[in-house]
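# Here is the input, now give the coordinates:
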Amino acid sequence: MIRPKKSLGQNFLRDDNIAAAIVRALECNEGDAIVEIGPGTGALTNLIAKLPVNLTAIELDRRAITELRVLFPSSTFPNVAICEGDFLQFDIQALSASDSRCKIIGNIPYYITADILFRIFENVPAIDRAVIMMQREVAERITAQPRTKEYGILSVAAAFSSRPRKLFNVSPSCFYPKPKVESSVVLFDCSQQLLASERFKPVMSLVRAAFGQRRKVLGNALKAYCNAVRTELPIEYARRRAEELTPTEFVNLYEQMHL
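Numbers count the residues shown, from 1 in each chain. Here you go, the predicted model:
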């Protein structure tokens, strides 16, 4: 096994039962296009490679790539492509099958969790579902409800793009090295969206502005935003705070402000 690199945020999954549960949650069907983020030492790859699917495993660490290509040679696993690179730079649209959406899976580095999730959210037309293991604290923010301290930008973004659901928690003892925090596995059902993908970024700019000063009422928090886009805040929202608005209300607010 390669030595984990702290600079890459590597904590390799070593529990076979957890790996199997994560793969089951992806609900792989014959012919599916599967994208794995950061396969590392291949705990998930080993299970997916044996299924009748087409797997693209994207890995940044050249040491891991060398090991993975030995474990999954193209002669034995013609359905597996080990690709060197950064998931954040890959064209997800091109990775999906021509006639269907791809499925994404990964035990991702905690320090770039938000970047990876927004890459997924911004490409949901090409994605059927994603099963991602992340820090438990982030998972709780993603699935948080309005009027709670965990509710914020990630909660709203996830709801715009998918139906997120936390599946189960994972103990630090399931990894090498052991992380200092507990992990959680989250399922994103991207087949059901609250917001059309082309409107995701524009509406998120409003959401970010609102939560940028979450302690303030929207009448104050959105002053700079309203000035920048030359619009006015509907009076009925002026005394409310960002954490009080549901994702649907954010969409309605955007529509009222940009008619």
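
# A130 falls within a strand, correct?
Yes: the assignment for A130 (DSSP: H, G, I helix; E, B strand; the rest coil) places it in a strand.

# Any idea what it is bridged to?
Counting by DSSP bridges, A130 forms beta bridges with I104, F188.

# How much space separates it from N17?
Between A130 and N17 the computed distance is 21 Å (Cβ to Cβ, to the nearest Å). Every C-beta, even on glycine, is put in place using the N, C-alpha and C of the backbone.

# so how far is the helix or strand bottoming out on mean pLDDT in the chain off the chain centroid?
When the helices and strands of the chain are scored by mean pLDDT, DSSP states H and E, helix 92-95 comes last with a mean of 82. From the chain centre to the centre of helix 92-95 is a distance of 16 Å (Cα atoms, centre = their mean, to the nearest Å).

# same thing with stretch 21-30?
17 Å.

# Pull out the buried residues from that stretch.
For stretch 21-30, a neighbour-count test (16 or more other Cβ atoms under 10 Å) marks 22-23, 25-26, 28 as buried.

# Could you report the neighbour count for I108?
Residues near I108, counting by other Cβ atoms under 10 Å, number 20.

# Pull the contacting residues for it.
Contacts for I108 (Cβ atoms under 8 Å, 6 or more residues apart in numbering) come out as 37-38, 116, 132-134.

# let's see it at 6 Å
Residues counted as contacts of I108 (Cβ atoms under 6 Å, 6 or more residues apart in numbering) are 37, 116.

# Would you map the strands across the stretch 51-200 of the chain?
54-59, 80-84, 102-107, 127-135, 163-170, 175-176, 183-189 (DSSP state E, counting those that start in this stretch).

# Send over the third one as PDB, restricted to the C-alpha atoms.
Think strand 102-107. What follows is strand 102-107, C-alpha atoms only, in PDB (Å, rounded to 0.1, in the frame of the first residue of the first chain):
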ATOM      1  CA  CYS A 102     -23.400   9.000 -15.300                       C
ATOM      2  CA  LYS A 103     -23.200   8.000 -11.600                       C
ATOM      3  CA  ILE A 104     -20.500   9.400  -9.400                       C
ATOM      4  CA  ILE A 105     -18.900   7.800  -6.300                       C
ATOM      5  CA  GLY A 106     -16.000   8.800  -4.100                       C
ATOM      6  CA  ASN A 107     -14.300   9.000  -0.700                       C
END
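
# What helices and strands are in contact with that strand?
Packing partners of strand 102-107 (3 or more Cβ pairs under 6 Å, 6 or more residues apart in numbering; DSSP states H and E): strand 33-37, strand 127-135.

# With mean pLDDT, distance to L222 and mean neighbour count as added columns, please give these in TSV.
Below are these laid out as TSV (pLDDT from 0 to 100; distance: least, Cβ to Cβ, whole Å; neighbours: other Cβ atoms under 10 Å):
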stretch	mean pLDDT	distance to L222	mean neighbour count
strand 33-37	96	35	25
strand 127-135	97	30	23
